[in-house]
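# Output the structure for:
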Amino acid sequence: MTVIQRFQNYIKEHALFRDNEPVLLAVSGGRDSVLMAHLFKSAGYTFGIAHCNFGLRGNESEQDEAFCTELAQKLDVPFHSVRFDTAEFAGEHRISIQMAARDLRYQWLEKIRSESGYRYIGVAHHQNDATETMLLNLTRGTGISGLHGILPKKGKLIRPLLFLSREEINDIFNKEKYTFREDSSNLSSKYARNKIRIEVIPVLKQLNPALEHTFEENRKRFADLEVLLEQRVAELRDQLFKKINSEEIEISLPDLQKLRPLDTLMYELFKPYGFSEPVLTDLQKSWYGEAGKIFQSVSHQLLLDRNKLILSTIEETETEETLIDQQNGYWLWQGKTFKSIICTATEFQLKKDKNLAQLDLDLLQFPLKLRSWKNGDHFQPLGLKGTKKLSDFFIEQKISLNHKKDIGILENNNGDILWVSGLRISERYKISSGTKKVFILEQFK
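Residues are numbered from 1 along each chain as shown. Got it, this is the predicted structure:
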């Protein structure tokens, strides 16, 4: 079977794209991507070439771009190119040069794909790249998705050369006499991937000369196992995650604790909600005796109750502030109504009502501010000697993040928190035997 036949069979076997669907090929000018372009041309597929100039290797980068321009002209296909200041982007975003180049590349490729009518983006990873990725993931720690490494198809990204090894690609170039550009950075062991390719894999191939073939078979098995795991996790999620309203999901803690293998299933169950392994490990350490504790991801939170977890979305809301003057009146905040009253101590009668803030007027500095809570807030709750972070206070009161946004924080003009509406006033501003005038703010239910 010829290389073209193997190429076409691989595309059909993995349903990478249909014959009439145009594909945008990411071509660096290196051996692998150049071969991919030639194979697409020989097979009669519709494609265009896209090249990124990252500006990292001086004149070499310029020559790479010129080579790719000429290749597109030779193959008579559309050519797209872009230049990046990769070092500046990496510095601004505080990431490595390699990560910056990767992010810039895929963002731009997707932009060109969607704007120019291409169906997929083709990248030239081969079997050796897949092996290197699997080994790299293993050294860093990985879940099952890292074990199967790079896949033939993921979303709009396809990898039509995964059926070939580096040795086979070299043989094709020797036979066909294709020209290409050599990236000098590939020869350096400074980068982790290069170190694995140059120093680690040759040693492993002494133990197994067919290493790439073995890893390809392993990749298929791990990919199949991931499918089975996803099916099982989906079933468990349907059983355990009970929607109690539009914002919250309830999960039975005893049922969750019975799962085996616990760590793997916990990670997979909560992965769609962005929870990291350290957070889930902390949750497991806490779930037998720390009711009220909250665990967060970027987008969601888990409230630990005695026999259940409450999963909810963290919603970002615009901060609304209301200034309250020293007078009797009505005030609106977040759609809620508050009423202020000033009276003398002789007229005042203390009421036990959490919807009332009853404060010593002489200790207040106007205008007061009614606002949402924010990270770093702290106050001295009534009855306590020391201050407490508001986030910790909310946890003790079993207030979810979704409910926090509805709680008004009354702030003195000196920055002190006077009242957490509906919950507690500050010890420092309470009514005492020396109080002469009382300021009362009532929150209407």
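# Point to the helix or strand of the chain where mean pLDDT is at its lowest.
helix 401-404 (a mean of 70; mean pLDDT, DSSP states H and E).
# Please point out which parts of stretch 429-444 sit buried.
Tyr429, Lys430, Ile431, Thr435, Val438, Phe439, Ile440, Leu441, Glu442, Gln443 (16 or more other Cβ atoms under 10 Å). C-beta here means a position set from N, CA and C on the backbone, and glycine is covered the same way.
# Just the ones of those in strands?
In strands, defined here by DSSP state E, the members of these are Val438, Phe439, Ile440, Leu441, Glu442, Gln443.
# residue contacts, the closest residue to the third one other than its chain neighbours?
By that I understand Ile440. Nearest-residue entry for Ile440: Ile341, 4.5 Å, with adjacent residues in sequence omitted and distances by Cβ to Cβ, 6 or more residues apart in numbering. Contact partners of Ile341, counting by Cβ atoms under 8 Å, 6 or more residues apart in numbering, are Asn328, Phe439, Ile440, Glu442.
# Any chance of a markdown table for these, columns distance to Val203 and pLDDT?
Formatted as a markdown table, those follow (distance: Cβ to Cβ, whole Å; pLDDT from 0 to 100):
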| residue | distance to Val203 | pLDDT |
| --- | --- | --- |
| Asn328 | 83 | 88 |
| Phe439 | 77 | 96 |
| Ile440 | 78 | 96 |
| Glu442 | 76 | 94 |
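# wait, which of those residues is closest to Arg18?
Glu442 (67.4 Å; Cβ to Cβ).
# Nearest to Gly117, out of the contacts of Ile341: which one, please.
Looking across the contacts of Ile341 and measuring by Cβ to Cβ, the closest to Gly117 is Glu442, at 62.1 Å.
# Just give the closest residue to the closest one, not the sequence neighbours.
Lys339 (4.7 Å).
# what inclination does whatever helix or strand that neighbour lives in have with respect to strand 437-443?
Applying DSSP states H and E as the criterion places Lys339 in strand 336-344. Between strand 336-344 and strand 437-443, the angle comes out at 160 degrees (axes from the mean of the first three to the mean of the last three Cα atoms, to 10 degrees).
# Quickly list what the residue nearest to Ile342 when sequence neighbours are not counted is bridged to.
Here the nearest residue to Ile342 in space, its sequence neighbours aside, is Phe439; by Cβ to Cβ, 6+ apart that works out to 5.6 Å. Taking DSSP bridges, one finds Ile342, Leu359 as the beta-bridge partners of Phe439.
# How about Leu384: what's its closest non-neighbour residue?
Nearest to Leu384 is Glu427, by Cβ to Cβ, 6+ apart, at 6.2 Å.
# Could you check how far that neighbour is from Phe393?
13 Å (Cβ to Cβ, to the nearest Å).
# Great, nothing more from me.
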